[in-house]
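K.L.:
give me the fold of what follows.
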Amino acid sequence: MITKFIKRILRRDPMAKHTQANHTGAPKRIPKKTHRIDPHLLSKNAVKVTDTLQQAGYEAFIVGGAVRDLVLGIGPKDFDVATNATPDQVQKLFRKARLIGRRFQIVHVTFFGKGHPEIIEVSTFRALLDNAGDHLAESGRILRDNVWGSQGEDAARRDFSINAMYYDPSSETVLDYHGGMVDIQKKTLRMIGDPVKRYREDPIRMLRAIRFAAKTGFSLEAATRSPITKLSSLLKDVPSARLFDEILKLLMSGYSWAAIQGLRDAGLHHGLLPLLDHILDSSEDSKEANQFVKLALANTDQRIQSGKSVSAGFLFATLLWPDLLKNWNANLAKGMANIPALQDAMDDTIATQSSAITIHRRFESDMCEIWSMQPRFEKRVGRYPYRLIESPRFRAGYDFLLLRCATGEKDTALGQWWTDFIAADPNGQEALMASAKNEVGNSASPLKKRRRRKPKSASTVSPTENTTS
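P.N.:
Okay, the predicted model is just below:
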């Protein structure tokens with residue numbers, strides 16, 4: 001009888017296997033009248049996950065950034081759940097669930113609805129390992145293994161106090177272990193524990209600090225900010241793919257320009273993206289590049305804050321364009337033909353960027369297609385406009401052209417011509433091409449004329465910006 005009881009305890013509470021003390025003490029229980037979380041901002045699927053786990057006898061809470069956003073009155077984009085159930089136990093409770101990770105397994109529970117599928121990430125409480133498993137990499141970064149723990153230990157392992165709160169939808173109560181609610185009221189971003197040690201554990205936390213500060217408008221606490229510049233070299237020890245993912249989150253946070261300014265102030269911008277060095281340079285030569293990038297980032301921020309999607313490939317094409325343009329002009333000055341000069345500049349720009357962080361191949365492909373399309377906008381007679389408008393990425397290339405026109409790099413008349421061409425009927429398109437015939441650089445194809453396919457009308461070109469695709 002006693003043996004069965006112990007087994008039941010171990011099954012429902014994997015932390016019973018560990019005897020480490022909870023160093024954080026009891027959490028502060030914050031009722032609904034204080035935290036004022038709007039239930040309408042909750043994901044029904046996240047609530048379903050916590051309910052299912054609780055009905056099976058486990059603890060389960062919405063956790064992390066979702067709770068922070070809920071307290072701030074913001075609808076979270078993603079919902080994470082923390083529980084004392086093991087990954088195997090979680091997986092058995094849900095039909096669409098799969099294990100993720102090697103060192104520390106988590107479970108992705110997928111829900112399919114009318115829109116895009118929603119993934120709720122479920123993780124088991126993690127333990128504090130003060131005297132076991134720690135060792136240093138050559139760079140000084142602390143490495144450690146992950147082990148299950150109590151909720152208090154799990155809270156202590158999280159990075160910032162505002163991200164270490166747990167919300168129980170069934171009781172509408174927030175559990176606050178590290179004063180996160182007070183820090184939200186003070187608009188302060190504070191690291192849990194010793195900031196130096198926490199940054200050595202995971203240097204990405206330095207970038208997360210900048211991103212969260214930009215997103216929330218909070219100020220970094222002095223002790224949290226002060227070690228960042230000195231420890232910035234630790235980022236060199238972070239795998240390129242993980243560093244890229246964090247930079248992408250920063251740029252697509254909806255507050256990218258504020259985040260970039262934060263990187264500069266903290267001394268973290270060097271070596272991440274070559275362009276960041278240029279756009280934060282106040283020299284006269286950098287002003288045009290700054291204007292182009294600021295406009296691109298402002299458009300991106302506006303779309304994200306409006307709830308619209310954004311193409312990462314388009315974003316990186318804009319960020320690296322000043323470097324590419326510089327290389328392209330240098331090749332032309334050497335006497336290279338226009339298109340080979342552009343292709344060579346693209347290779348050089350991507351190679352330079354890859355020396356810091358590697359951009360995913362699918363984004364590289366989008367970037368190259370957008371860049372390669374730019375010289376083709378100069379050809380506005382014969383078959384060229386019809387062929388270009390049929391390109392799958394035409395809208396992205398067109399939006400990119402409009403950015404170049406808006407910053408004065410290209411004549412605004414060129415962008416307006418294409419805007420009119422998209423909206424015109426076939427007769428109007430013919431008239432526009434006739435008007436462009438006498439302009440320098442435009443001539444009909446010298447090849448033998450072939451019967452032209454019926455041109456697309458304005459209705460066949462999507463009015464939706466393709467920067468979202």
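K.L.:
from here on, contacts and neighbour counts on C-alpha atoms
P.N.:
Noted.
K.L.:
now do the buried residues in stretch 351-367.
P.N.:
Gln353, Ser354, Ala356, Ile357, Thr358, Ile359, Phe363, Glu364, Asp366, Met367 (16 or more other Cα atoms under 10 Å).
K.L.:
got it, and stretch 392-404?
P.N.:
Those would be Arg393, Phe394, Arg395, Ala396, Gly397, Tyr398, Asp399, Phe400, Leu401, Leu402, Leu403, Arg404, for stretch 392-404 by 16+ other Cα under 10 Å.
K.L.:
doesn't the fifth one lie inside a helix?
P.N.:
Yes: the secondary structure assignment for Gly397 places it in a helix, going by DSSP: H, G, I helix; E, B strand; the rest coil.
K.L.:
before we move on, back to that, closest to Lys77 among the buried residues of stretch 392-404?
P.N.:
Ala396 (25.0 Å; Cα to Cα).
K.L.:
mind checking pLDDT for that closest one?
P.N.:
Note for Ala396: predicted pLDDT of 92.
K.L.:
that one touches Cys368, doesn't it?
P.N.:
No: counting by Cα atoms under 8 Å, Ala396 does not reach Cys368; the two are 11.6 Å apart.
K.L.:
what is the most widely separated pair among the buried residues of stretch 351-367?
P.N.:
Every pair of those checked by Cα to Cα; the farthest is Ala356 and Asp366, at 19.8 Å.
K.L.:
output stretch 233-252 as CSV, restricted to C-alpha atoms.
P.N.:
Output in CSV follows, covering the C-alpha atoms of stretch 233-252 (Å, rounded to 0.1, in the frame of the first residue of the first chain):
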residue,chain,number,x,y,z
SER,A,233,32.3,39.2,-26.2
LEU,A,234,30.4,36.2,-24.8
LEU,A,235,28.0,36.5,-27.8
LYS,A,236,30.8,35.1,-30.0
ASP,A,237,30.3,31.8,-28.2
VAL,A,238,26.6,31.6,-29.1
PRO,A,239,25.8,29.3,-32.1
SER,A,240,25.1,31.3,-35.2
ALA,A,241,21.7,29.9,-35.8
ARG,A,242,20.5,30.9,-32.3
LEU,A,243,22.0,34.3,-32.5
PHE,A,244,20.2,34.9,-35.8
ASP,A,245,16.9,33.8,-34.3
GLU,A,246,17.3,36.3,-31.5
ILE,A,247,18.3,39.2,-33.8
LEU,A,248,15.2,38.3,-35.9
LYS,A,249,13.0,38.5,-32.9
LEU,A,250,14.5,41.9,-32.0
LEU,A,251,14.0,43.3,-35.5
MET,A,252,10.5,42.0,-35.7
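K.L.:
just give me how far it sits from the chain centre.
P.N.:
10 Å (Cα atoms, centre = their mean, to the nearest Å).
K.L.:
equivalent analysis for stretch 173-186, please.
P.N.:
26 Å.
K.L.:
cool, and stretch 373-389?
P.N.:
33 Å.
K.L.:
list the buried ones in it?
P.N.:
Met373, Gln374, Phe377, Lys379, Arg380, Val381, Gly382, Arg383, Pro385, Tyr386, Leu388, Ile389.
K.L.:
kindly report the same for stretch 428-436.
P.N.:
Under the neighbour-count criterion of 16+ other Cα under 10 Å, stretch 428-436 has Gly428, Gln429, Glu430, Leu432, Met433, Ala436 buried.
K.L.:
next: stretch 49-62.
P.N.:
Val49, Thr50, Asp51, Thr52, Leu53, Gln54, Tyr58, Glu59, Ala60, Phe61, Ile62.
K.L.:
who does the last one bridge with?
P.N.:
It refers to Ile62. Under the criterion DSSP bridges, Ile62 forms beta bridges with Val81, Tyr167.
K.L.:
touching, it and Tyr167? I think so.
P.N.:
Yes: using Cα under 8 Å, Ile62 is in contact with Tyr167, at 5.1 Å.
K.L.:
of the buried residues of stretch 351-367, the lowest pLDDT goes to which?
P.N.:
Lowest pLDDT among the buried residues of stretch 351-367: Ala356, with 66.
K.L.:
need the contact list for the spatially closest residue to Met191 that is not a sequence neighbour.
P.N.:
What sits nearest to Met191 in space, not counting adjacent residues and going by Cα to Cα, 6 or more residues apart in numbering, is Phe160, at 4.4 Å. Shown in contact with Phe160 (Cα atoms under 8 Å, 6 or more residues apart in numbering): Gly180, Leu189, Arg190, Met191, Ile192.
K.L.:
and Phe160, what's its pLDDT?
P.N.:
pLDDT, read off for Phe160, is 95.
K.L.:
the one 5 residues further on too?
P.N.:
The pLDDT attached to Met165 in the predicted structure is 97.
K.L.:
can you name the residues that contact it?
P.N.:
Val63, Gly64, Val67, Arg68, Ala155, Val174, Leu175, Asp176, Tyr177, Gly180.
K.L.:
if you set the cut-off to 6 Å instead, what comes out?
P.N.:
By Cα atoms under 6 Å, 6 or more residues apart in numbering, the residues touching Met165 are Leu175, Asp176.
K.L.:
likewise for Pro76?
P.N.:
Pro76 neighbours (Cα under 6 Å, 6+ apart): Ala66, Asp69.
K.L.:
tell me which element it is part of?
P.N.:
Assigned by DSSP states H and E, Pro76 falls within no helix or strand.
K.L.:
against Leu220, how distant is it?
P.N.:
Using Cα to Cα, to the nearest Å, one gets 22 Å for the distance from Pro76 to Leu220.
K.L.:
also Arg242?
P.N.:
23 Å.
K.L.:
show me which of these two is the more surrounded one.
P.N.:
Taking other Cα atoms under 10 Å, Arg242 and Leu220 do not tie; Leu220 has more neighbours (18 against 13).
K.L.:
isn't the more buried one up against Lys187?
P.N.:
No: the criterion here is Cα atoms under 6 Å, and Leu220 misses it with Lys187 at 8.9 Å.
K.L.:
rewinding a little: redo the buried residues of stretch 392-404 as CSV? Include distance to Asp202.
P.N.:
Conversion of the buried residues of stretch 392-404 to CSV gives the following (distance: Cα to Cα, whole Å):
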residue, distance to Asp202
Arg393, 38
Phe394, 41
Arg395, 40
Ala396, 36
Gly397, 38
Tyr398, 41
Asp399, 38
Phe400, 36
Leu401, 40
Leu402, 40
Leu403, 37
Arg404, 39
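K.L.:
of these, which is the nearest to Ala266?
P.N.:
Leu403 (29.5 Å).
K.L.:
checking my notes, that closest one in a helix, right?
P.N.:
Yes: the assignment for Leu403 is a helix, going by three-state DSSP.
K.L.:
check what pLDDT it gets.
P.N.:
pLDDT, Leu403: 92.
K.L.:
circling back to that earlier point, distance-wise, check the residue nearest to Met191 relative to Trp321.
P.N.:
For Phe160, the distance to Trp321 equals 35 Å [Cα to Cα].
K.L.:
repeat for Asp51
P.N.:
Applying Cα to Cα to Asp51 and Trp321 gives a distance of 49 Å.
K.L.:
mind giving me JSON lines with the buried residues of stretch 49-62 and columns for pLDDT, secondary structure and distance to Phe111?
P.N.:
Listed next are those as JSON lines, based on pLDDT from 0 to 100; DSSP: H, G, I helix; E, B strand; the rest coil; distance: Cα to Cα, whole Å:
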{"residue": "Val49", "pLDDT": "97", "secondary structure": "helix", "distance to Phe111": "10"}
{"residue": "Thr50", "pLDDT": "98", "secondary structure": "helix", "distance to Phe111": "14"}
{"residue": "Asp51", "pLDDT": "97", "secondary structure": "helix", "distance to Phe111": "15"}
{"residue": "Thr52", "pLDDT": "97", "secondary structure": "helix", "distance to Phe111": "14"}
{"residue": "Leu53", "pLDDT": "97", "secondary structure": "helix", "distance to Phe111": "16"}
{"residue": "Gln54", "pLDDT": "97", "secondary structure": "helix", "distance to Phe111": "19"}
{"residue": "Tyr58", "pLDDT": "97", "secondary structure": "coil", "distance to Phe111": "21"}
{"residue": "Glu59", "pLDDT": "97", "secondary structure": "coil", "distance to Phe111": "21"}
{"residue": "Ala60", "pLDDT": "97", "secondary structure": "strand", "distance to Phe111": "18"}
{"residue": "Phe61", "pLDDT": "98", "secondary structure": "strand", "distance to Phe111": "18"}
{"residue": "Ile62", "pLDDT": "98", "secondary structure": "strand", "distance to Phe111": "16"}
